[in-house]
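Trainee: Build me a model:
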Amino acid sequence: MSDLADLTMVREVVAHLGERNVVALDTIAHVAPQDEGQIIATGSHGGLSSGEYAARVALAAVFFNDAGRGKDDAGIAGLALLDEAGIPAGAVAHESAVIGVGGETYHHGVISALNARAEAAGYRIGEPLKAAIARLEKGASC
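Mentor: So this is what the prediction gives:
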C-alpha cells in the first residue's frame, strides 16, 4: 500500500486562452478565490458536495467527472445547484477520464452531462472537453 503522506493533489494551469486559463484540480475542494473567472477541470465527482465547493467562487465554467452517475444521478447532482448559482457546469464520462485526476478531465474527458447554462454557452454532450473549450473560447475572442 502506498504511503498517503506522499499523495499530492495537483493544481495546474493546462491551457491559456487569452485572458482566461483552464485550471486542472484533482479535487474541487482546492478551488480558491484566485480561480475566479477561470475554467476549472476537476477530477472530483459532480455531486452536491462538489457543487457546493465550486459555487464558492465565481467561475467561468467547471467540469467534473460523472463518476458513473450513480443512483438517481447523484454523481452529477451538483450541476443543477451550479446552474442556480449562475455557473456553467458539466461532467465528463467516467470511461473517458480517470476519476480524481483533473488533467484527465481536461485532456481526455468526453462531455456526458451539462447544466442549462453550459448548454446555452455552447457546450455539447459527446464532445471532447478540451476541444469544446478551445472552440468556445476561440469564438469568444473573435
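
Trainee: tell me which residues of stretch 24-32 are tucked away?
Mentor: 24-28, 30-31 (16 or more other Cβ atoms under 10 Å). C-beta coordinates here come from the backbone N, C-alpha and C atoms, glycine included.

Trainee: now stretch 50-67
Mentor: Across stretch 50-67, burial judged by 16+ other Cβ under 10 Å covers 50-51, 53-55, 57, 59-67.

Trainee: and these, which of them are in strands?
Mentor: 61-65 (DSSP state E).

Trainee: Could you dump the residues you listed into TSV and include pLDDT and distance to residue 89?
Mentor: Output for these, formatted as TSV (pLDDT from 0 to 100; distance: Cβ to Cβ, whole Å):
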residue	pLDDT	distance to residue 89
61	98	7
62	98	5
63	98	7
64	98	7
65	98	12
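
Trainee: returning to what we had before: kindly reformat the buried residues of stretch 24-32 as CSV and extend each row with pLDDT.
Mentor: Output for the buried residues of stretch 24-32, formatted as CSV (pLDDT from 0 to 100):
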residue, pLDDT
24, 98
25, 98
26, 97
27, 97
28, 98
30, 97
31, 97
